[in-house]
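Colleague: Mind folding the following:
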Amino acid sequence: MRVYRSLDDVTDRGGRVRFVAIGFFDGVHRGHQTIIRRAVAAAEEAGGLSTVLTFEPHPNAVLHPERAPRILTPLELKVELIAALGVRELLVVPFDLPFSRHSPLDFCRLVLSDRLGARRIMVGSNFHFGFRGGGTAHDLSDYGRDHGFSVETVSLLAQNGGAISSTRIRDLIGEGDVHGASGLLGRPHLLTGRVVRGAGRGRGLGMPTANLAPEHEVVAPAPGVYVSRSTFGKDVPRDQGHPSVTSVGTNPTFEVGGAVRVETHVLGFQGFLYGQEMSLEFLARLREQRTFASPEELIVQMNADVEAARSYFTRSSNQWYSVGRQT
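Modeller: So this is what the prediction gives:
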């Protein structure tokens, strides 16, 4: 997949027939996948190019920083997930204040017509664009009739009694329901970063941990203990990761008011991990964060958590690695 990092990088203005899916696509969840796959299928049928148009950063990070959400997928993961859907081109438009001031008509003319030469546009039914979100999917369709492209509006995908949306998934993760979030994403929620030195308490308790320093402002699960899968190294496929148990929390047994930490015990692993890149997938929640009366009581619970995780991996296939898998 070819990736353009700005509008100026697209040099063949209107020179290729493009079928374009537009959206921020945070999470590239199952609803987003439906929109993107429609563009891929239409392009393949017509012999054109499937193109995804997205933005970086999140518009609210520029327009309303106080309301900007923690994201589900940093850009490099979004690129990986979109490429896995068979997309030929990805255009990442830097979202800044000057770009936000384009009227809906200017956006259509400058970006979709003049720059991309779009043949068909795919958007979700809740799509808004242009200055203050003034343009709707209906407006886009009206403009397209005068400028040579059609618009396909894709209804929001529903599951478990509600529409699949990035906001709903963030809420589930924030509540600790990582299994429910996985069902809407089509894969486990993922944190990435580097392994850093911690306080060393896990090793002292007989259960060493890898301490993850997340690289991005990605939403983290609620405090608690989770079944997880850990991958170390940049080019290691995540389906070759290690079974693990992850604690997200403040270590209330040992300190009051501590910072939230992400600490992972990798089952059966021995080796040096400091400084390595780490990908951490959250598969299921085992329990909430608790304060224990003594280190000995904590050790008993930690051993129980490990056994619960082993049982999870024994009884469940949980193969989430194909984008868009449904359960």
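
Colleague: Strand partners (parallel or antiparallel) of the biggest strand by length in the chain?
Modeller: In the chain, taking DSSP state E as the definition, the longest strand is strand 277-288. Using DSSP bridges, strand 277-288 pairs in its sheet with strand 189-196 (antiparallel), strand 224-232 (antiparallel).

Colleague: Of these, flag the one that's most buried.
Modeller: Comparing the strands paired with strand 277-288 by mean neighbour count (mean count of other C-beta atoms under 10 Å), strand 224-232 comes out on top with a mean of 24. The C-beta positions use only the backbone N, C-alpha and C, and glycine is treated the same way.

Colleague: Setting the sequence-adjacent residues aside, check what's closest to residue 263.
Modeller: Distances taken as C-beta to C-beta, 6 or more residues apart in numbering put residue 209 closest to residue 263, at 4.1 Å, once the chain neighbours are dropped.

Colleague: what do you get for residue 150?
Modeller: Closest residue to residue 150 apart from its sequence neighbours, by C-beta to C-beta, 6+ apart: residue 120 at 5.0 Å.

Colleague: same deal with residue 312?
Modeller: With C-beta to C-beta, 6+ apart as the measure, residue 227 is the residue that lies nearest to residue 312, at 4.8 Å, once sequence neighbours are left out.

Colleague: For the stretch 101-250 of the chain, which segments count as helices?
Modeller: Counting by DSSP state H, counting those that start in this stretch, the stretch 101-250 of the chain has these helices, from start to end: 104-107, 137-147, 166-174, 178-185, 201-204.

Colleague: Residues contacting the longest one, please?
Modeller: By that I understand helix 137-147. Among residues not part of helix 137-147, those counted as contacts by C-beta atoms under 8 Å, 6 or more residues apart in numbering are 104-105, 108-109, 112-113, 121, 123-125, 127, 129, 150-151, 153.

Colleague: can we see that at 10 Å?
Modeller: Where contact means C-beta atoms under 10 Å, 6 or more residues apart in numbering, the residues beyond helix 137-147 that reach it are 22, 104-105, 107-109, 112-114, 117-121, 123-130, 135-136, 149-154.

Colleague: Averaged pLDDT, it. What do you get?
Modeller: Averaged across helix 137-147, pLDDT comes to 91.

Colleague: and it, how far out from the chain's middle?
Modeller: Here helix 137-147 is found 30 Å from its chain centre; the criterion is C-alpha atoms, centre = their mean, to the nearest Å.

Colleague: What are the buried residues along that helix?
Modeller: Going by neighbour count (16 or more other C-beta atoms under 10 Å), the buried part of helix 137-147 is 137, 139, 140, 141, 143, 144.
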